[in-house]
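**Q** Okay, predicted coordinates and the sequence, questions at the end:
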Amino acid sequence: QVQLVESGGGLVQAGGSLRLSCAASGRTFSSYAMGWFRQAPGKEREFVAAISYNYGNTYYGRSVKGRFTISRDNAKYTVYLQMNSLKPEDTAVYYCTAGLKAGPNSPNDYWGQGTQVTVSS
């Protein structure tokens, strides 16, 4: 069992930056691919980014590529999402995920509770 707890969300002006963190419980963290999804009110859930268990591969959603960076620290059981050049359309609840394989269409076994990101114009 893996528990995921997100933090770092908040209110930021357009053009600003935020860094989300996701702390995972369990010694098996390094075995999991980690990812981020988001969901805005009235919209479908959207893939944001993913990183393989061994740091080798990263994946990004089209709308965030070039602005967001996913990283992980296996020693700290934590995955990060650095978000730069934020836009109002980035406003959403951001969820951390863990699964066996990284990628936008890979199934995720565990989900966090989410953290709200609001970007004002």
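**A** Received the coordinates, thanks.
**Q** Find the residue at the geometric middle of the chain.
**A** Centrality entry for the chain: nearest residue to the mean C-alpha point is Trp36, 2.6 Å, by Cα atoms, centre = their mean.
**Q** Name the nearest residue to that one, ignoring sequence neighbours.
**A** Setting aside the residues directly before and after it, Trp36 is nearest to Val48 in space (Cβ to Cβ, 6 or more residues apart in numbering), at 4.2 Å. Where you see a C-beta, it was placed from the backbone N, CA and C, and this is true even at glycine.
**Q** Verify the contact between the one you found and Arg67 for me.
**A** No: contact criterion Cβ atoms under 8 Å: Val48 and Arg67 do not qualify, at 10.6 Å.
**Q** Those two - which one has more neighbours?
**A** Between Val48 and Arg67, Val48 has the larger neighbour count (other Cβ atoms under 10 Å), namely 26 against 15.
**Q** So Thr97 is in contact with Met34, correct?
**A** Yes: if you go by Cβ under 8 Å, Thr97 and Met34 touch, sitting 6.9 Å apart.
**Q** Which one of these two is surrounded by more residues?
**A** A side-by-side neighbour count of Thr97 and Met34, using other Cβ under 10 Å, places Met34 first with 29 against 25.
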